[in-house]
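Visitor: Can you look at this prediction? I've put the sequence above it.
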Amino acid sequence: MKDEFLERLEAWHEQDEFEEIVDAITEIKEEERDYALVSHLGRALNNLERYEEAVEQFLSVAEEGQDDPLWHYRIGLAYYYLEQYEHAREAFEKADRLEPGDEDTQEFLEWIRSKTKTDEKAVGTAQSAAGTPIETASIGEAEIGDFWDDHAETAEQFVLAPPTDEQIAAVEEQLVFKLPASYIKMMKLHNGGVPRYRYFAVSDADATEKRRIEVSGMLGIGREKRHSLCGEAGSRFIIEQGGYPEIGVVLCECPAESEVVMLDYRAAGNAGEPEVVHIDKNQGYKITWLAPDVDTFIRGLVNEENRSPNFQGSL
């Protein structure tokens with residue numbers, strides 16, 4: 001029965017009936033879809049130019065796809081058309097290592113090299129004309145990739161496709177808070193996940209020695225994943241279930257379930273630039289100030305060796 005279904009999916013692909021493929025697979029419960037079905041679904045979404053949805057599908061089976069050149073090729077294609085060229089390059093290079101000499105893979109790699117060279121030249125020309133030093137003006141995808149600890153479990157729980165402007169507006173409306181521009185920019189490069197840099201030094205006048213708080217995951221913009229801002233276990237759920245003060249939006253979860261890191265809008269108002277605070281439920285919901293904004297907080301995170309992320313420019 002399953003073989004017949006897979007043959008039907010393949011036939012629809014040959015006939016360019018991509019909507020038929022999507023409709024047929026999405027009728028199957030998500031937990032009952034195996035690697036083959038998710039691969040067919042992601043492939044069809046690519047052909048329908050629904051690249052953000054395709055990336056999400058491929059990431060959901062990332063562990064199974066690590067040794068499959070087609071998985072890397074197809075997610076690379078989605079990243080390419082989303083103009084996330086660093087992610088695309090990494091995916092196509094892995095596909096090329098697994099299946100050397102594929103002409104389509106080589107062609108995409110050549111396009112990426114050509115496009116990134118052109119973009120770098122255009123940026124350099126514009127900055128030279130303005131009389132400013134030629135340097136990285138903002139955080140890049142390579143730096144973001146180093147910041148996150150991407151593995152299959154993380155992708156399944158946290159990572160979403162890059163948010164569109166419409167999705168951002170919908171999430172802000174549901175949360176009733178305007179999200180910081182630096183956070184939005186970061187999420188457009190990598191939407192949620194577990195950082196490699198998870199510790200933040202706390203300046204606490206009441207403490208006899210310096211301490212560090214630890215985060216276990218950063219919520220992305222969306223509602224599809226359980227651990228996203230508007231997901232089932234998102235900001236509102238955490239605040240309501242934990243009884244946390246209504247001061248803003250939960251930004252990060254912590255290993256201790258009694259602690260969270262939040263965007264604090266009390267001083268700025270719902271549309272202003274929030275500060276970042278830590279709240280400990282076990283200490284009577286004690287609020288500890290961490291940083292004046294998200295940018296400063298992200299740059300202040302360190303790993304176990306006390307090394308910080310090497311971001312160039314602003315987020």
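Guide: Cool, the structure landed.
Visitor: can you give me the end-to-end distance of stretch 230-245?
Guide: For stretch 230-245, the separation between the terminal residues is 18 Å (C-alpha to C-alpha, to the nearest Å).
Visitor: Ok, stretch 98-106 next?
Guide: 13 Å.
Visitor: Next: stretch 234-254.
Guide: With C-alpha to C-alpha applied, stretch 234-254 spans 13 Å between its terminal residues.
Visitor: same deal with stretch 225-232?
Guide: 8 Å.
Visitor: same question, stretch 266-277
Guide: 11 Å.
Visitor: List the buried residues of it.
Guide: Residues of stretch 266-277 classed as buried by neighbour count (16 or more other C-beta atoms under 10 Å): 268, 273-277. Any C-beta I mention is one placed from the backbone N, CA and C, and that applies to glycine too.
Visitor: What's the mean pLDDT across that stretch?
Guide: Mean pLDDT, stretch 266-277: 94.
Visitor: give me the number of residues near the nearest residue to residue 250 once chain neighbours are set aside?
Guide: Nearest residue to residue 250, sequence neighbours excluded (C-beta to C-beta, 6 or more residues apart in numbering): residue 235, at 4.1 Å. By the criterion of other C-beta atoms under 10 Å, residue 235 has 24 neighbours.
Visitor: Please name every helix or strand in contact with the helix or strand hosting residue 77.
Guide: Per DSSP states H and E: residue 77 is located in helix 69-81. Helix 69-81 sits against helix 35-47, helix 51-60, helix 62-65, helix 85-98, helix 103-129, with contacts defined as 3 or more C-beta pairs under 8 Å, 6 or more residues apart in numbering; DSSP states H and E.
Visitor: pLDDT below threshold where in the chain?
Guide: 1, 115-145, 152, 154, 203-210, 310-315 (pLDDT under 70).
Visitor: Show me how it divides into domains.
Guide: 2-129, 152-300 (automatic domain parsing).
Visitor: Same list as before, these that is, but in a markdown table and with distance to residue 306 included.
Guide: Shown next, in a markdown table, are the domains of the chain (distance: least, C-beta to C-beta, whole Å):
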| stretch | distance to residue 306 |
| --- | --- |
| domain 2-129 | 27 |
| domain 152-300 | 8 |
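Visitor: Show me the helices in the stretch 101-250 of the chain, by range?
Guide: Applying DSSP state H, counting those that start in this stretch to the stretch 101-250 of the chain gives helices spanning 103-129, 141-147, 152-157, 165-175, 181-189, 235-242.
Visitor: what sits against the residue nearest the centre of the chain?
Guide: For the chain, residue 191 is the residue whose C-alpha lies nearest the centre (C-alpha atoms, centre = their mean; 1.9 Å). For residue 191, the contact set (C-beta atoms under 8 Å, 6 or more residues apart in numbering) comprises 159-163, 220-222.
Visitor: where's it relative to residue 307, distance?
Guide: Residue 191 sits 24 Å away from residue 307, going by C-beta to C-beta, to the nearest Å.
Visitor: follow-up on the earlier one: which of the helices and strands packed on helix 69-81 is buried the deepest?
Guide: Highest mean neighbour count among these (mean count of other C-beta atoms under 10 Å): helix 51-60, with a mean of 23.
Visitor: Many thanks, I have nothing further to ask.
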